[in-house]
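[1] Okay, predicted coordinates and the sequence, questions at the end:
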Amino acid sequence: MTSKETLKIYKSLTKSKPAAPLLKIQKKNPVLAVLPNQRPNAVCVEDVFFGDSGKGSVVAKFNEMLKAGRGKKKLISLRYNGGGNAGHESLVNGKLVVTHQLPMGIIKDGSTTIISRGMLIHPEDLLTEIKEVKSTFGGTLPGELVIDERTPLTLDTHRALETALNSVTSGGKGSTGRGIATGYASFYERIVVTIKDLMAQNWKDTFTKHYTLYKSLTAGFSNSETNFELAKIPVATYSKEKGEKRTVGTEKEFLERLESARSSIKKYVSKDVYSILKEAWENPAIPFTLEGAQGAGLEAFLTASGHALTPS
């Protein structure tokens with residue numbers, strides 16, 4: 001379904017009378033058609049196939065619709081799954097804005113954008129993305145960025161392991177190489193590292209152990225033809241579309257890059273995301289946009305009932 005078709009359905013629901021008693025249109029300032037007992041002013045957009053369907057533009061349009069005429073009232077824009085392989089696009093004042101880990105609401109003035117614990121964060125890539133968005137908007141982020149401290153990380157180590165895994169299986173054929181599968185797998189394997197771990201005082205101990213573990217994991221894929229020495233494995237960077245890669249580097253180099261990212265990302269991190277969302281959700285006047293990744297039926301991080309599994 002194209003972006004235009006999605007918006008056409010949306011407009012038909014908000015402007016026409018419901019065809020069945022299950023649908024209820026708000027009488028004042030109609031924003032969204034809802035089922036009985038469901039929350040109004042909330043839109044969830046997710047791709048059920050393999051991306052490139054215009055999710056970013058659709059979410060940006062919904063943000064405009066939901067925020068229109070609301071003055072200084074809040075808009076909550078939340079990303080709930082996926083990671084740095086996404087490419088959500090929107091045109092803003094003639095300029096193309098592409099977000100990967102940032103919720104699309106970041107380009108909407110006055111919004112609160114939340115990276116939730118269902119996502120995967122690559123800290124350095126996220127900071128590069130923030131810098132690019134800031135440059136488009138005169139050196140500042142139009143929306144407020146909040147990162148749940150429980151959000152799992154996907155690092156160069158995860159990307160290296162994905163490379164090693166893909167050398168012996170076709171399961172990762174066509175993957176972006178950004179460590180999404182291996183990042184999510186680390187949660188199930190109980191070896192996950194999170195933003196909270198990165199913010200902790202003993203973070204160097206945690207990530208030294210993490211590096212040592214992945215050094216052993218990748219080495220296990222070495223054979224007579226290929227030596228998967230972690231430090232020397234080339235991994236994707238933020239500019240992968242340009243063919244740019246870098247090696248994971250030594251333990252010292254790995255920790256130095258994390259330390260730099262840690263100091264810059266700290267100001268966005270919050271331990272109160274649940275309270276922020278609960279308070280906002282209980283006020284139906286506050287609009288929400290929930291932005292998902294591609295492949296709803298392929299997303300292993302969601303249960304069959306559709307509820308996100310998240311680190312405790």
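    Right, received. Where do you want to start? Numbers count the residues shown, from 1 in each chain.

[2] what sits against residue 66?
    Shown in contact with residue 66 (CB atoms under 8 Å, 6 or more residues apart in numbering): 31, 41, 43, 75, 287, 289. In short, each C-beta sits where N, CA and C put it, glycine included.

[3] Tell me, what's the model's pLDDT at the first one?
    Spelled out, it's residue 31. pLDDT, residue 31: 46.

[4] ok so residue 43 is a strand residue?
    Yes: assessed by DSSP: H, G, I helix; E, B strand; the rest coil, residue 43 belongs to a strand.

[5] Look up the closest residue to it, ignoring the ones flanking it.
    residue 62 (4.8 Å; CB to CB, 6 or more residues apart in numbering).

[6] neighbours around the one you found, how many?
    By other CB atoms under 10 Å, the residues close to residue 62 number 28.

[7] I'd say it and residue 41 touch.
    No: applying CB atoms under 8 Å, one finds residue 62 not in contact with residue 41, separated by 10.3 Å.

[8] coming back round to it: pLDDT at the residue nearest to residue 43, what is it?
    84.

[9] Spatially nearest residue to residue 115 (excluding sequence neighbours)?
    Residue 115 sits nearest to residue 147 (CB to CB, 6+ apart), 4.6 Å away.

[10] got the phi/psi numbers for that neighbour?
    The phi and psi torsions at residue 147 (degrees, to the nearest 10) take the values phi -120, psi 120.

[11] Just list whatever residues bridge to it.
    residue 115, residue 269 (DSSP bridges).

[12] Test my guess that it contacts residue 195.
    Yes: with contact defined as CB under 8 Å, residue 147 counts as touching residue 195 (6.0 Å).

[13] what residues are up against residue 282?
    Residue 282 neighbours (CB under 8 Å, 6+ apart): none.

[14] same deal with residue 183?
    Contacts of residue 183 by CB under 8 Å, 6+ apart are 83, 120, 152, 153, 154, 158.

[15] sorry, back to before: mind listing the shared neighbours of residue 147 and residue 195?
    121, 265, 269.

[16] Run a quick neighbour tally on residue 105.
    The number of residues near residue 105, taken as other CB under 10 Å, comes to 30.

[17] Hmm, it is touching residue 289, no?
    Yes: contact status for residue 105 versus residue 289: in contact at 6.2 Å, counting by CB under 8 Å.

[18] Tell me the residues that contact both of these two, please.
    Common neighbours of residue 105 and residue 289 (CB under 8 Å, 6+ apart) are 59, 63, 75, 76, 77, 78.

[19] any chance of the residues you listed in CSV, plus distance to residue 279 and secondary structure?
    Converted to CSV, the shared contacts of residue 105 and residue 289 look like this (distance: CB to CB, whole Å; DSSP: H, G, I helix; E, B strand; the rest coil):
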residue, distance to residue 279, secondary structure
59, 22, helix
63, 20, helix
75, 14, coil
76, 10, strand
77, 16, strand
78, 14, strand
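
[20] Out of those, who's the most crowded?
    Going by other CB under 10 Å, residue 77 tops those with 29 neighbours.

[21] Just give the closest residue to it, not the sequence neighbours.
    residue 105 (2.1 Å).

[22] top of the contacts of residue 183 by neighbour count?
    residue 120 (30 neighbours).

[23] what's near enough to touch it?
    So residue 120 contacts 82, 83, 84, 151, 152, 153, 154, 179, 180, 183, 184 (CB under 8 Å, 6+ apart).
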